[in-house]
Structures are given as C-alpha cells and as structure tokens.
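Participant: Turn this into a model:
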Amino acid sequence: MYVLLLKTRLKPGRFDTFMSAMQVNATASVRDEPGCLTFDLMRDRSDPDLVWLYEVYVDEAAFEAHTHTAHFLASRPLVEPLIERQDAIEADMLALNPSR
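Facilitator: Next up is the predicted model:
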C-alpha cells in the first residue's frame, strides 16, 4: 500500500476555509475511490495553522487516479492559495489496522 503524509503549514487564519474545501475532498475520496482506504485530516494541537493529511491507497496507481478525480481537481484552486508550505512523506504501509 502507498501512504502519503502531508505536513501542511497554512497561512495564518486560513484554517476554516482550508477545512471547508479539504473535507469535501477527503470525504469523496474515501466514499468514491475504491483505491483510497484512508484520508484523515488532523490539526496540530500546538499550532493552529499546522494541518496533517494522512492518506492510504491500495497502491501508487490508486493515488495517481485520485489526482484526476473531479473532487481533487476542484479542491486545488481553493486550497493552494491557503497553503504557506507543504512537505510530503511517501511511505509503504507495513501494517494496517484491520478495524478500518
């Protein structure tokens, strides 16, 4: 499985606007994409402008397909202006909680 962990530094005060757009993308990804197993959004407790995205796909091809979906493409122009910096970690899943 392909895992993407994104550390997303938002511009100050842009959290609510960012979440409005990202929640739509995250929900549609898990609901509509068989290859998307997890799409979690988290806010750092120590920094209100730091958001983490945790995404798990069955493989890298499923992630690539995700980047061509209508919900992903619609979210990009909404969220990109809100992001100050984004760092990505790509990983291979070694174990997945079976309760998901």
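Participant: Next, find the distance separating the closest residue to Leu4 other than its chain neighbours from Thr69.
Facilitator: Spatial nearest neighbour of Leu4, excluding adjacent residues (CB to CB, 6 or more residues apart in numbering): Glu55 at 4.5 Å. For the C-beta atoms, the positions are set from N, CA and C on the backbone; glycine is no exception. Using CB to CB, to the nearest Å, we find Glu55 at a distance of 13 Å from Thr69.
Participant: Can you tell me the SS state at Tyr34?
Facilitator: For the record, residue 34 is Pro, not Tyr. At Pro34 the chain is in coil, as set by DSSP: H, G, I helix; E, B strand; the rest coil.
Participant: Residue numbering should commence at 42 henceforth.
Facilitator: Renumbered: residue one is now 42, and that last one reads Pro75.
Participant: How much space separates it from Val97?
Facilitator: Applying CB to CB, the value for Pro75 to Val97 is 13 Å.
Participant: Noted, bye for now.
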